[in-house]
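Asker: Need coordinates for the below:
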Amino acid sequence: MITRGDIIARAARAIGTPFVHQGRIIGKGLDCFGLVVAVGKSLGVMDHDCKTYDRYVEGDKVLTEMRKGLDQIEIADAGPGDVVVMCVTRARTARHIGILSDCNNIIHTNHTTGEIVETSYKPQWARATVAAFKYKGID
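Answerer: Next comes the predicted model:
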């Protein structure tokens, strides 16, 4: 059985992976959606993928695709190993995704460094969170 610890450990292996739009390979290249897909597929807890998005996604594309591959949960219930979707624009478009490594930190892409990083989740990203999901079969 796959645990939250397995998800976090697999996501942590991606730290330092270069940002590549629509990348799906840990160690070679990932974007934020690709991180979630690569971790989930490698552990057998996600089978959905989508590569029909622009680098700067508009509308509800991210939320729609996350709902196809993951189970939506209440934001307040999100914890280590869960996926959070965040708005990073004034238009409040949900276009950034990360995996919580604990209640205070998140593994995600960082456009400044151009790679997967682990950074503080609170308060900036927590305020920007508009949805939360868990991988299928994870309690």
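Asker: Show the end-to-end separation of stretch 15-35, please.
Answerer: Here the two ends of stretch 15-35 are set 10 Å apart, with distance taken as CA to CA, to the nearest Å.
Asker: let me fix that: stretch 112-127
Answerer: This stretch, stretch 112-127, spans 20 Å end to end (CA to CA).
Asker: Equivalent analysis for stretch 48-55, please.
Answerer: End-to-end span of stretch 48-55 (CA to CA): 19 Å.
Asker: who touches it?
Answerer: Under the criterion CB atoms under 8 Å, 6 or more residues apart in numbering, residues 21-22, 24, 31, 33, 37, 41, 61-62, 65, 68-70 lie in contact with stretch 48-55. In this view, the C-beta of every residue, glycine as well, is placed from N, C-alpha and C.
Asker: quick one: which of those residues sit in strands?
Answerer: Residues of those located in strands (DSSP state E): Arg24.
Asker: Out of the contacts of stretch 48-55, which is nearest to Lys136?
Answerer: Lys136 has its nearest neighbour among those in Leu70, at 6.7 Å by CB to CB.
Asker: coming back round to it: which one in the contacts of stretch 48-55 is the model shakiest on?
Answerer: Lowest pLDDT of the contacts of stretch 48-55: Lys61, 84.
Asker: For that one, which non-adjacent residue is spatially closest?
Answerer: Sequence neighbours aside, Tyr53 is the residue nearest to Lys61 in space, at 5.4 Å (criterion: CB to CB, 6 or more residues apart in numbering).
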